[in-house]
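**Q** pasting the sequence and the predicted model now:
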Amino acid sequence: MIEMKGVMHVIEAVIAIAMMAVAIAGLFGHAQPADNSAQLASAGYAALQHLEGTGQLRPALAARDTAAIRAMLNGLLGSFDLEICEPECTGMLQPGAAALDYFIAGNGSYEPVRLRLYVW
Amino acid sequence: MYGDADTARDAMKGSKGQVFVAGAALFVVLLALIAANLAPAPAMPATLAIEAQLDNIAQEYRYAIGLSAIDESDRLDDFSSYLRDNIQSFDAIYALVSVQPGTYTLRIGNFLRNPAAISITAEGSSPSEASGTVDDKETGSWDFTASGDVNITIEYTIQDIAYSQSLQFGADKNQTIGWFDIGIRSGESGLRRSGTWSVAG
């Protein structure tokens, strides 16, 4: 009888510990690493808008000159990669990176271009 | 006397485990309360990026209005089709007015994924009213004669919801006027931008 009581105590204690563990896991398990992809995308757009404001981006995009665009962005963004999507984008999004699409309708004549920028 | 004390002690011993469970339950409730009060407001990470993308696209709609003036064609139609093909949740409606002294053409492009019933009131123009239905990814076109100031009111109805947009311009000089309303959906909500732009000549 005494042994039975002891077993019951152990079971109850285990249940109590399990409840607390589940509660703690539920509370802190949702705390995922901060998703800063939107901030990265915003920074990417800001850099591209800055280059558009200087008049450098549109001619380079219209010419599909990714090397020139890369050189312009080097001083504005940390880690990034880019591609011109014609018509599909083929790059792979790495974990923790943000992908954003930047469009131009043309440069003096109608010729739309889609630039995909990956920032991390 | 001693017998009663032993019984009470035994009862206490027997309820130790239940006290643990009750304490754990209380702990869980407290944690839930703390979580409810300290949880940060739900962030809208996608919103920032969509806002920036809409700024980019709105800028290019203005550019496309300028290209329409240069090319004497409807580049908003081309650009809207292009964006619909490249952005899954993109939609748009626009009006493009091409004015030559004494006459003008109004084009309305519907890229809102549903047919749009259009009703036009054109003050200072002949005819003074026009209407029609423009299907999704289609453009409607209406010709008017006018002199002096023109005030167009475009009413469009999509899925029983009516919207209205006005444009004012002079019909005595060459110019191109464009209005656009563009949107990108994100989950259950969506963000929109609208603007007007005019190009002389």
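**A** Here it is on my side, so go on. Numbering: from 1, shown residues only, chains lettered A, B, ... in the order given.
**Q** just the pLDDT for residue B:89.
**A** Looking at residue B:89, its pLDDT is 92.
**Q** in the longest strand seen in chain B, what's buried?
**A** Counting by DSSP state E, the longest strand found in chain B is strand B:138-158. Buried residues in strand B:138-158, counted by 16 or more other CB atoms under 10 Å in any protein chain shown: B:139-140, B:142, B:144, B:146, B:150, B:152, B:154-158. C-beta here means a position set from N, CA and C on the backbone, and glycine is covered the same way.
**Q** how about stretch B:64-73?
**A** Buried, per 16+ other CB under 10 Å, within stretch B:64-73: B:64-69.
**Q** cool, and stretch B:84-104?
**A** B:84, B:86-87, B:90-99, B:104.
**Q** coming back round to it: out of the buried residues of strand B:138-158, who's nearest residue B:23?
**A** Proximity of the buried residues of strand B:138-158 to residue B:23 was ranked by CB to CB; the top entry is residue B:158 with 59.0 Å.
**Q** quick revisit: please see if the longest strand of chain B touches chain A.
**A** No: judged by CB under 8 Å from any CB of the partner chain, strand B:138-158 stays clear of chain A, getting no closer than 15.5 Å.
**Q** pull up the pairing partners for that strand, direction included.
**A** Strand B:138-158 sits in its sheet next to strand B:103-111 (antiparallel), strand B:116-126 (antiparallel), strand B:161-170 (antiparallel), going by DSSP bridges.
**Q** now the first one: average pLDDT?
**A** To tie it back to what came earlier, the one meant is strand B:103-111. Mean predicted confidence for strand B:103-111 is 98.
**Q** reformat the strands paired with strand B:138-158 as JSON lines; add distance to residue B:180.
**A** Shown next, in JSON lines, are the strands paired with strand B:138-158 (distance: least, CB to CB, whole Å):
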{"stretch": "strand B:103-111", "distance to residue B:180": "9"}
{"stretch": "strand B:116-126", "distance to residue B:180": "14"}
{"stretch": "strand B:161-170", "distance to residue B:180": "10"}
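**Q** now stretch B:186-197 - C-alpha only, PDB.
**A** Extracted in PDB, the C-alpha atoms of stretch B:186-197 (Å, rounded to 0.1, in the frame of the first residue of the first chain):
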ATOM      1  CA  SER B 186      -0.900  40.100 -48.900                       C
ATOM      2  CA  GLY B 187      -2.800  37.400 -47.100                       C
ATOM      3  CA  GLU B 188      -6.300  38.700 -46.200                       C
ATOM      4  CA  SER B 189      -5.400  42.300 -46.700                       C
ATOM      5  CA  GLY B 190      -3.900  44.400 -49.400                       C
ATOM      6  CA  LEU B 191      -2.200  47.700 -50.000                       C
ATOM      7  CA  ARG B 192      -3.000  50.200 -52.800                       C
ATOM      8  CA  ARG B 193      -1.500  53.200 -54.400                       C
ATOM      9  CA  SER B 194      -3.100  55.700 -56.800                       C
ATOM     10  CA  GLY B 195      -1.900  58.700 -58.600                       C
ATOM     11  CA  THR B 196      -2.300  61.000 -61.600                       C
ATOM     12  CA  TRP B 197       0.300  62.200 -63.900                       C
END
